[in-house]
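Colleague: After the sequence you'll find the predicted model.
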Amino acid sequence: MGPSAEYVKTKITDHFSMGEFASPDTGWSHPTDWDEGDFRAQRLWHLCQELEGIRTRFGGNRMEITGGWRTEQRQLELFEAGKTSTKHSLHCDGLACDFRIWLSPERQLPPLLIWYDLVANWPGGLGLYDTHIHLDARWITRGPGRARWTKLKTTDTGGGWV
């Protein structure tokens, strides 16, 4: 059973709440007893501060979190199924998310455009996928260091986004 409805609605920042960080494929993957003093909740607050800046940079359009928290077990399952290349993910530590930006209810901003805008200056990890962007704040626990990768399944840069 997942956390209470009140916990799901708990605002982290002006535009992001705890409920948005439950991965759609795994359901709730974090303990319901996390509070403001929990290190993962603090890390998530830092990540959401960065997301607020990105949201503003792209005109305040709606950002959809498509991947948030993961348990170590879920991460291992994804690794064994060949859906991720790492056994440990910063998703498990409250330091990463996957997202997309919507221009309208039917029109997604191409992830490639977001990638090009962030790639030069983002201080952490940045991954480009066909349907979303992976973003992480690895500097919080690992110190300075950037990582960049692309995992596109299509060569069509339009990607059906617009």
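Modeller: Thanks, I have it.
Colleague: Who are the contact partners of Gly127?
Modeller: 133-135, 148-151 (Cβ atoms under 8 Å, 6 or more residues apart in numbering). Placement of C-beta: from N, CA and C, glycine included.
Colleague: now with 7 Å?
Modeller: By Cβ atoms under 7 Å, 6 or more residues apart in numbering, Gly127 lies in contact with 133-134, 149, 151.
Colleague: Helix or strand: which one has it?
Modeller: Assessed by DSSP states H and E, Gly127 sits inside strand 125-129.
Colleague: now the contacts of Gly127 as TSV including distance to Ile12?
Modeller: Putting the contacts of Gly127 into TSV (distance: Cβ to Cβ, whole Å) gives the following:
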residue	distance to Ile12
Ile133	19
His134	19
Trp149	26
Lys151	27
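Colleague: Please name the strands paired to the biggest strand by length in the chain in the sheet, noting orientation.
Modeller: The longest strand of the chain (DSSP state E) is strand 96-104. With DSSP bridges as the test, strand 96-104 is paired with strand 62-67 (antiparallel), strand 107-108 (antiparallel), strand 133-136 (antiparallel).
Colleague: what's the most buried one of the ones you listed?
Modeller: Of all the strands paired with strand 96-104, strand 133-136 carries the top mean neighbour count, a mean of 23, counting by mean count of other Cβ atoms under 10 Å.
Colleague: Thank you kindly, that will do.
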